[in-house]
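In: structure for the following, please:
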Amino acid sequence: MKNQCVVVLTARGKSRILKEGGSQAWRLNAHHAGKCSYVVCVQNRNKSWGQPEAKHHTAFLIGKISSISQSQEEGSQGRWIINISEYADISIPNVWDGNRNPVAYRTLEELNIDLENLQFNKLEQEPNVLEQANKPKEELEKISIPEAKRLLANYFDVPQENISITINM
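Out: Numbers count the residues shown, from 1 in each chain. Okay, the predicted model is just below:
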């Protein structure tokens, strides 16, 4: 469904989410979340480690989901990042319904979010591994295998565990 969204109750503020390219490190069903078009971030001020910036329980950011991939954050094995390609600022108070699970699935209509009234901004993207593959060897940037897997998973819109890299010399 076009207006399906993942709603996350996050201690991270807008600046950190944009710097990281999405909202992480979530325990969620990546297949289910991947069917959603948007992520809506709701501020949790009960935790201070994530640099919160908005008022408690206020929806402060909506992002267009580009992919769901395994979080590369230290200590986040088995957790996911909801990568975004574009975002818009929103300010909708009292969005969180008190659910103990910080991940919920809703529609934009349920949250009273009208896309027509939003100005989306593009996130700067990392260099694409596939674009680099066509460069002469001396021009290739060095990247790690986990980073290559993450970028390929984003490009092909598949979970990272579906990416295998074999190097034959």
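
In: look at residue 146 and say how many residues are nearby.
Out: A count of neighbours around residue 146, defined by other Cβ atoms under 10 Å, yields 13. To be clear about C-beta, it is placed using only N, CA and C from the backbone, and glycine gets the same treatment.

In: what is the longest helix anywhere in the chain packed up against?
Out: With secondary structure taken from DSSP state H, the chain has its longest helix at helix 145-156. Under the contact definition 3 or more Cβ pairs under 8 Å, 6 or more residues apart in numbering; DSSP states H and E, helix 145-156 sits against strand 59-70, helix 129-133.

In: so residue 30 versus residue 144, what's the distance?
Out: Distance from residue 30 to residue 144, counting by Cβ to Cβ, to the nearest Å: 22 Å.

In: okay, the two: which has more neighbours?
Out: Taking neighbours as other Cβ under 10 Å, residue 30 and residue 144 compare with residue 30 leading, 18 against 9.

In: hang on, that one packs against residue 68?
Out: Yes. The criterion here is Cβ atoms under 8 Å, and residue 30 meets it with residue 68 at 4.6 Å.
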